[in-house]
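[1] sequence isn't available, so here's the structure alone:
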């Protein structure tokens, strides 16, 4: 069969290679109908280390199931399917929580798919493939394009909006005007955002986003871009969707948010940032800061205490007069008390 | 009046200082009924740089309103109130989103309260103070203790659970067995967690947490502690509540989570980690990773495409035959197309 292979850095050619075969019981062989090039493929394309003969890293396709391993029960030869860039098992904690992109069992098996070829061997296929009704000939070319986005960029744009918890009425800023950023605009609209600003300097991409539901675009970057966003929104954004993967994009995202805002980031991190880098692999959300004492007290905590539903006061394991303040500090410092209370005269 | 002041590092004494007066229109003078020592006060207490005469950093109290500035409309002299460690305005984006601990207007005005004293001048008092029904004499000492926790530690423990989005049925791990950790256990139970594990090496603190709703405790730390948690939960935790503020505690929290898990952190960061440190000040949540293509497609994205509700396929602004794969990469690399589609023969 024909498959794309790297000729050198910055050049991709075609090679005739052996058609893949079923090896494991949960493999499926897919005949590719449409494939595509991902922004993340360009990292290898541009990499001067890339050697001739290296297979392509394409990982998005729609196609027809040609053959299935013996444990495959969900699809059969002839089925039209979305071939996603991930391999969720559908059973682990992560998959059950809706994070099959970081499946606890198959994480790390996601990329380097060789999907820019006539046939694909798709691993861990039983749960991960998604059936499309009918056959490719039933669809317009435009619809095939949209179906193909469901292999990666549309779910990825949606993921940014989901993990940033975009809700009805939210003011949302999308960083990145490429395919994922465009899909993030669509996702923000699906989730009911009232304002969606795209950071973009390209007229065609601005126009596309406006057609998909963006309400404004900002061409400026850095502090100037942040100021422009805040002017349009009369304040900070509720959510920022970072769809690039550079530190500058993360800074932009953090900069447009009001305090208490939420950043969803799906650009594969190309920067040294331990916290973001490691949490990305595990799809872990990280949030924290000073508590909302007034809000929680007024809304429910004071009532819960007065009703006797909770008894947090037991943390005060010692009481002191103000005169004995030094002892109050010392006992806490030496862990003789969990928390020291001062009783005023 | 009497007030706690530092005598030197590791020693606190009493001084007679001038009773505070109303200065700004939104000040309130509070007569303190109960105050306390916070774990964060110990950082200054232990700091060898601490000079004699430095006022106390106490920032938790309950008390009686003694006098109010002219713009105060919500409380009047004689009212019994919770005096929180923060000063939300109640009107900015952050406060409206329930993040008054990082109020867009008064951030940075939170700490260094001099609350370990007979009287307090409380700034920005109009919205931030919380009225308690009746008078102190109406309550038992145990209830006064619980009311005092509402100034900081109970809302702070709750904040960890809220920003980690603890939900009914969740498996939760609490890192830190001090007052905030104890309150985080209470909060996890309030939000319906099915299992709550406290990381703790102190028998009295383990016992207190079990009385508040913890279902188990783990004394081990590091990899051993993580393994023990995973054994008890038969897998990873859904949420980890970090209530210490050290890098080791953050590592512990990240380590016990399954992929797709959520960390809420409220320990004031005492480590150099730009991402966590800066997001803490702004109470920003950060989440991201590989998308859940299979889940989203099966649940709603495929339907949205087939129904014509969304048209993400427009990102494919150019199509190529497999033979023209090099051009497909080149055009994307040079931004001539947003995304290149490969049409198979």
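    Great, that's in hand. All of these numbers come straight from a predicted model, not from anything done at the bench.
[2] so how far is residue A:329 from residue A:197?
    49 Å (C-beta to C-beta, to the nearest Å). C-beta: built from backbone N, CA, C; applies to glycine.
[3] where do the helices of the stretch 101-250 of chain A begin and end?
    Using DSSP state H, counting those that start in this stretch, the helices assigned to the stretch 101-250 of chain A run over residues A:125-128, A:141-149, A:153-163, A:179-190, A:203-212, A:222-233, A:247-256.
[4] out of those helices, nearest to residue A:285?
    helix A:153-163 (6.1 Å; C-beta to C-beta).
[5] avg pLDDT for that closest one?
    Summarised as a single mean, pLDDT over helix A:153-163 is 96.
[6] packing partners of it?
    Judged by 3 or more C-beta pairs under 8 Å, 6 or more residues apart in numbering or on different chains; DSSP states H and E, the packing partners of helix A:153-163 are helix A:179-190, strand A:237-242, strand A:257-265, strand B:285-288, helix B:293-296.
[7] can I get the helices of the stretch 101-250 of chain A in TSV with mean neighbour count?
    What follows is the helices of the stretch 101-250 of chain A, written out as TSV (neighbours: other C-beta atoms under 10 Å in any protein chain shown):
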stretch	mean neighbour count
helix A:125-128	24
helix A:141-149	22
helix A:153-163	30
helix A:179-190	30
helix A:203-212	17
helix A:222-233	16
helix A:247-256	21
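[8] ok, back up a step: for residue B:118, find the nearest of the helices and strands packed on helix A:153-163.
    Closest of the helices and strands packed on helix A:153-163 to residue B:118 is strand A:257-265, at 33.1 Å (criterion: C-beta to C-beta).
[9] what's the angle between that closest one and helix A:153-163?
    140 degrees (axes from the mean of the first three to the mean of the last three C-alpha atoms, to 10 degrees).
[10] is chain B within reach of strand A:257-265?
    Yes: Strand A:257-265 is in contact with chain B by C-beta under 8 Å from any C-beta of the partner chain, via A:257, A:258, A:259, A:260, A:261, A:262, A:263, A:264, A:265.
[11] would you map out the domains in chain A?
    For chain A, the structural domains run A:1-151+A:290-341, A:152-286, going by the TED database.
[12] pick the most deeply packed of those domains.
    domain A:152-286 (a mean of 23; mean count of other C-beta atoms under 10 Å in any protein chain shown).
[13] how far does it stretch from one end to the other?
    End-to-end distance of domain A:152-286 (C-alpha to C-alpha, to the nearest Å): 24 Å.
[14] one more: stretch A:194-208?
    18 Å.
[15] picking that back up, kindly present the residues of strand A:257-265 next to chain B as JSON lines, with separate columns for distance to residue B:283 and pLDDT.
    Below are the residues of strand A:257-265 next to chain B laid out as JSON lines (distance: C-beta to C-beta, whole Å; pLDDT from 0 to 100):
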{"residue": "A:257", "distance to residue B:283": "10", "pLDDT": "96"}
{"residue": "A:258", "distance to residue B:283": "10", "pLDDT": "95"}
{"residue": "A:259", "distance to residue B:283": "5", "pLDDT": "93"}
{"residue": "A:260", "distance to residue B:283": "5", "pLDDT": "94"}
{"residue": "A:261", "distance to residue B:283": "8", "pLDDT": "95"}
{"residue": "A:262", "distance to residue B:283": "10", "pLDDT": "96"}
{"residue": "A:263", "distance to residue B:283": "12", "pLDDT": "95"}
{"residue": "A:264", "distance to residue B:283": "16", "pLDDT": "95"}
{"residue": "A:265", "distance to residue B:283": "17", "pLDDT": "93"}
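[16] now these in CSV, with distance to residue A:184?
    Below are the residues of strand A:257-265 next to chain B laid out as CSV (distance: C-beta to C-beta, whole Å):
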residue, distance to residue A:184
A:257, 15
A:258, 19
A:259, 23
A:260, 21
A:261, 16
A:262, 13
A:263, 12
A:264, 8
A:265, 11
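[17] quick revisit: can you add distance to residue B:51 and give the domains of chain A back as CSV?
    Listed next are the domains of chain A as CSV, based on distance: least, C-beta to C-beta, whole Å:
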stretch, distance to residue B:51
domain A:1-151+A:290-341, 16
domain A:152-286, 32
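[18] out of the ones you listed, which is closest to residue B:25?
    That would be domain A:1-151+A:290-341 among the domains of chain A, by C-beta to C-beta, at 19.1 Å.
[19] pull the distance from that closest one to the chain's centre.
    8 Å (C-alpha atoms, centre = their mean, to the nearest Å).
[20] what's the closest of the residues of strand A:257-265 next to chain B to residue A:98?
    Closest approach between the residues of strand A:257-265 next to chain B and residue A:98, by C-beta to C-beta: residue A:264, at 14.0 Å.
[21] ok so, going back, including distance to residue A:206, could the helices and strands packed on helix A:153-163 go into CSV?
    Below are those laid out as CSV (distance: least, C-beta to C-beta, whole Å):
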stretch, distance to residue A:206
helix A:179-190, 11
strand A:237-242, 16
strand A:257-265, 21
strand B:285-288, 24
helix B:293-296, 26
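[22] compare those and give me the one nearest residue B:308.
    That would be, of these and by C-beta to C-beta, helix A:179-190, which comes in at 12.7 Å.
[23] tell me the contacts of residue A:254?
    Counting by C-beta atoms under 8 Å, 6 or more residues apart in numbering or on different chains, residue A:254 touches A:240, A:263, B:278, B:279, B:282, B:284.
[24] show me which pair in the residues you listed is furthest apart.
    Pairwise over these, using C-beta to C-beta, the maximum falls at A:240 and B:278, 13.9 Å.
[25] possible to save the helices of the stretch 101-250 of chain A as JSON lines with distance to residue A:5?
    Shown next, in JSON lines, are the helices of the stretch 101-250 of chain A (distance: least, C-beta to C-beta, whole Å):
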{"stretch": "helix A:125-128", "distance to residue A:5": "24"}
{"stretch": "helix A:141-149", "distance to residue A:5": "22"}
{"stretch": "helix A:153-163", "distance to residue A:5": "24"}
{"stretch": "helix A:179-190", "distance to residue A:5": "23"}
{"stretch": "helix A:203-212", "distance to residue A:5": "30"}
{"stretch": "helix A:222-233", "distance to residue A:5": "40"}
{"stretch": "helix A:247-256", "distance to residue A:5": "31"}
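[26] out of those helices, the one nearest residue B:85 is which?
    helix A:247-256 (24.5 Å).
[27] please pull out the lowest mean pLDDT helix or strand from chain A.
    Ranked by mean pLDDT, DSSP states H and E, the helix or strand of chain A with the weakest confidence is helix A:274-282, at a mean of 70.
[28] any idea how far the residue lying farthest from the centre of chain A lies from residue B:13?
    Computed with C-alpha atoms, centre = their mean, the residue of chain A farthest from its C-alpha average is residue A:345, at 55.8 Å. According to C-beta to C-beta, residue A:345 and residue B:13 sit 17 Å apart.
[29] over to residue A:61?
    Taken as C-beta to C-beta, the span from residue A:61 to residue B:13 is 73 Å.
[30] same thing with residue A:263?
    Distance from residue A:263 to residue B:13, by C-beta to C-beta: 46 Å.
[31] also residue A:6?
    Distance from residue A:6 to residue B:13, by C-beta to C-beta: 73 Å.
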